[in-house]
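K.L.:
Build me a structure from this.
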Amino acid sequence: MKTLKPALTALLPKKQILEKLMLAVILVLGWHTLPKVLRTIEPTAALLDAGIWQLILLALFCYAALLQLSWWLLQRFWQSLGLYKLTDMVSLFKQLTSWQQLSFFWASFALLLLAAIACLAAIV
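P.N.:
From the prediction side, this is the model:
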């Protein structure tokens, strides 16, 4: 009986997983009940298209594919340049002094902000 209790607790999901699952259930229930509530309040309100779930699923697939492709390209790029592995880079970053880490964070933020501004400028 002593071995059965840890085995049963290992099968139960952790608290964080339960919280995420509860949030997902609440969001799905809200997705289905909110249009009905909205129609009772405002009868002329339009309903959402049922095909939106396919768009969300397609967006998730595209996101996962692009994420995997960009990670693969980054690995190939690092190998072609002969750079360190990612774990080695993290350990080298942790060896930097605090002001060097802070300046690296600020430079990364500035480049990210500049890229975002360039993307917005390209749209306009």
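
K.L.:
which secondary element of the protein has the worst mean pLDDT?
P.N.:
Between all helices and strands in the chain, the lowest mean by mean pLDDT, DSSP states H and E belongs to helix 4-11, at a mean of 54.

K.L.:
quick one: low-confidence ranges for the protein?
P.N.:
Counting by pLDDT under 70, the ranges of the chain that qualify are 1-14.

K.L.:
pull the longest helix from it.
P.N.:
Across the chain, the longest stretch assigned as helix under DSSP state H is helix 52-81.

K.L.:
starting at the chain centroid, how far to it?
P.N.:
Relative to its parent chain, helix 52-81 has a centroid offset of 12 Å by C-alpha atoms, centre = their mean, to the nearest Å.

K.L.:
After it, which helix or strand is next? Please name it.
P.N.:
Where DSSP states H and E defines the elements, the next helix or strand beyond helix 52-81 is helix 86-94.

K.L.:
which of the residues in that following helix are buried?
P.N.:
The neighbour-count check on helix 86-94 (16 or more other C-beta atoms under 10 Å) flags nothing as buried. All C-beta atoms are positioned from the backbone trio N, CA, C, and that covers glycine.

K.L.:
ok and it relative to helix 52-81, angle-wise?
P.N.:
Angle, helix 86-94 to helix 52-81, by axes from the mean of the first three to the mean of the last three C-alpha atoms, to 10 degrees: 80 degrees.

K.L.:
Let me see the residues that make contact with helix 86-94.
P.N.:
Helix 86-94 is contacted from outside by 78, 83, 84, 101, 104, using C-beta atoms under 8 Å, 6 or more residues apart in numbering.

K.L.:
Convert that helix to PDB, retaining C-alpha atoms only.
P.N.:
In PDB, the C-alpha atoms belonging to helix 86-94 read as follows (Å, rounded to 0.1, in the frame of the first residue of the first chain):
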ATOM      1  CA  LEU A  86      23.300  27.600 -26.700                       C
ATOM      2  CA  THR A  87      24.100  26.100 -23.300                       C
ATOM      3  CA  ASP A  88      27.700  27.400 -23.500                       C
ATOM      4  CA  MET A  89      26.400  30.800 -24.400                       C
ATOM      5  CA  VAL A  90      24.100  30.900 -21.400                       C
ATOM      6  CA  SER A  91      26.900  29.900 -19.100                       C
ATOM      7  CA  LEU A  92      29.200  32.500 -20.600                       C
ATOM      8  CA  PHE A  93      26.400  35.100 -20.200                       C
ATOM      9  CA  LYS A  94      26.100  34.200 -16.500                       C
END
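
K.L.:
I appreciate the help and will end here.
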